[in-house]
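Trainee: generate coordinates for the sequence data below:
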Amino acid sequence: MKAKTVKGNSAEEIQSALAQSITDGFTPTLAMVFLSIKQDRGEVCKILDDAGIAIYGGTSHGEFTGEGITAGEIAIMLLDVNPAYFAIFFEEFSEKNYRETTQAIAKKALGKFTNPSFLVAGSNLNTDAEELLHGFEDIIGKQVNVFGGMAGDDFAFKEEFVFTNNNESNNGIVTIVFDGDKIGIKGRATCGWNPIGTVKTVTKSIGNHVYTIDDVPVVGLLMKYGGYENVTAENWAMEHSIALTLQLQRETGDPVMRAGLKVDWDDQSYYCGGVVPQGSKVRFSLPPDFDSIEKVIKACEDLKAKEIIEADALLLFNCAGRLVSLGPLINDEIEGVRKVWDVPIAGMFSSAELARATNGDLEMHAFTACTVVLKEII
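Mentor: From the prediction side, this is the model:
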């Protein structure tokens, strides 16, 4: 399997880059497309479709290749892979039937491959991404390989899209199913945020709506320990979500991040990016420093040493919150991941990341770098 990346600031630039990429006989059959909500998705898809290339795509909060990060542009991973080794499924969530949707995808995948692996992208901030993961597990089993991310919209947090050759949706999922006997897919989800303080108990929550921790309104706790004053609905910013983010403790595996994304000022509760069960144990965590980048790179080195020595291509679903927190340093993280396998890389800054927690279960993550490694099995 051969891989190349192209990027551009318009459909016309992508058409030119695609033409240049095939001058040496490279014949792409599959494209992973990450682009700004501002770009003309339809025109980009038409260019790829006319070239006979299958499309997996999502809008982003920023996109990148090994040539660097862009904002408001288009980044594409092109793969020359046997079409018999993969299939693409596209579905919408008609009635918030997230689990049933991925159950159906998994059943169709088993109809094509005895050992399927899944690369997914979902849209809509209201989507219960954990239910998506549970649907795959219901049919394939706990050991199922699923990786991916939730689409973005240049930090507007209003409307995100996933798309394929002839379909797009702001409330759906696009899935590449790989034949696991032909295409190896491995991944690692790493955060690197450092916990602080003691373990606390979520004393009231419903789904992703957290009311109290240790019987104190959660926003009140954040203001107290974060040293914030006069934070209101008018001046609440993403930076407040990043500061003192919750780390949800698990019985097995690493903790997973749960950021407060939307505040209910009437009772000082907030809605998290992911479920926080009542009675669960949490810790607050500090915004990252360069140490978190080193942890991501070391996790990839560990993945290479233990699970997948060689690679043909890398995808990276990197949380938009990491871009806000780390700023220009995020370039070091992306380049550090690329250097581990020294192959083409592409990806996006996502609204959430989907992968197995280190030594744990499939999870929806936040503030996490999810590295996905692809290698054709000879």
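Trainee: helices or strands up against the helix ranked longest in the chain?
Mentor: In the chain, assigned by DSSP state H, the helix with the most residues is helix 290-306. In terms of contacts (3 or more C-beta pairs under 8 Å, 6 or more residues apart in numbering; DSSP states H and E), helix 290-306 is packed against strand 183-190, helix 320-326, helix 330-341, strand 369-376. C-beta: built from backbone N, CA, C; applies to glycine.
Trainee: the first one pairs with which strands?
Mentor: Using DSSP bridges, the strands paired with strand 183-190 in its sheet are strand 369-376 (antiparallel).
Trainee: okay, now the domains of this protein?
Mentor: As assigned by automatic domain parsing, the chain contains the domains 2-190+290-376, 201-286.
Trainee: pull out the buried residues from the top strand by length along the chain.
Mentor: In the chain, assigned by DSSP state E, the strand with the most residues is strand 194-206. Residues of strand 194-206 classed as buried: Pro195, Lys200, Val202, Lys204, Ser205 (neighbour count, 16 or more other C-beta atoms under 10 Å).
Trainee: for the record, mean pLDDT for the following helix or strand past that strand?
Mentor: Once the chain leaves strand 194-206, the next helix or strand it forms, by DSSP states H and E, is strand 209-213. Averaged across strand 209-213, pLDDT comes to 94.
Trainee: and if you look at stretch 171-186?
Mentor: 97.
Trainee: which residues in the chain form helices?
Mentor: Using DSSP H, helices in the chain cover 11-21, 41-50, 98-112, 129-140, 218-226, 238-242, 290-306, 320-326, 330-341.
Trainee: so of these, which one's packed in deepest?
Mentor: Comparing those by mean neighbour count (mean count of other C-beta atoms under 10 Å), helix 320-326 ranks first with a mean of 23.
Trainee: what is that one packed up against?
Mentor: helix 238-242, helix 290-306, helix 330-341, strand 345-350.
Trainee: in contact with the spatially closest residue to Val81 that is not a sequence neighbour, which residues?
Mentor: The spatially closest residue to Val81, leaving aside those adjacent along the chain, is Met1, at 4.6 Å (C-beta to C-beta, 6 or more residues apart in numbering). Residues in contact with Met1 (C-beta atoms under 8 Å, 6 or more residues apart in numbering) are Leu79, Asp80, Val81, Ile183, Asp312, Ala313, Leu374, Lys375, Glu376.
Trainee: do Arg258 as well
Mentor: Here Arg258 is in contact with Asn208, Val210, Thr245, Leu246, Gln247, Leu248, Cys272, Gly273, Gly274, Val276, Val282, Ala366 (C-beta under 8 Å, 6+ apart).
Trainee: rewinding a little: of the buried residues of strand 194-206, which pair is most distant in space?
Mentor: Pairwise distances across these (C-beta to C-beta) peak at 22.0 Å, for the pair Pro195 and Lys204.
Trainee: re the thing from before, any idea of the mean pLDDT in the longest strand of the chain?
Mentor: 91.
Trainee: list the neighbouring strands of that strand plus their orientation.
Mentor: Partners of strand 194-206 in its sheet, by DSSP bridges: strand 209-213 (antiparallel), strand 281-286 (antiparallel).
Trainee: ok, Glu137 to Asn145 distance?
Mentor: Glu137 sits 11 Å away from Asn145, going by C-beta to C-beta, to the nearest Å.
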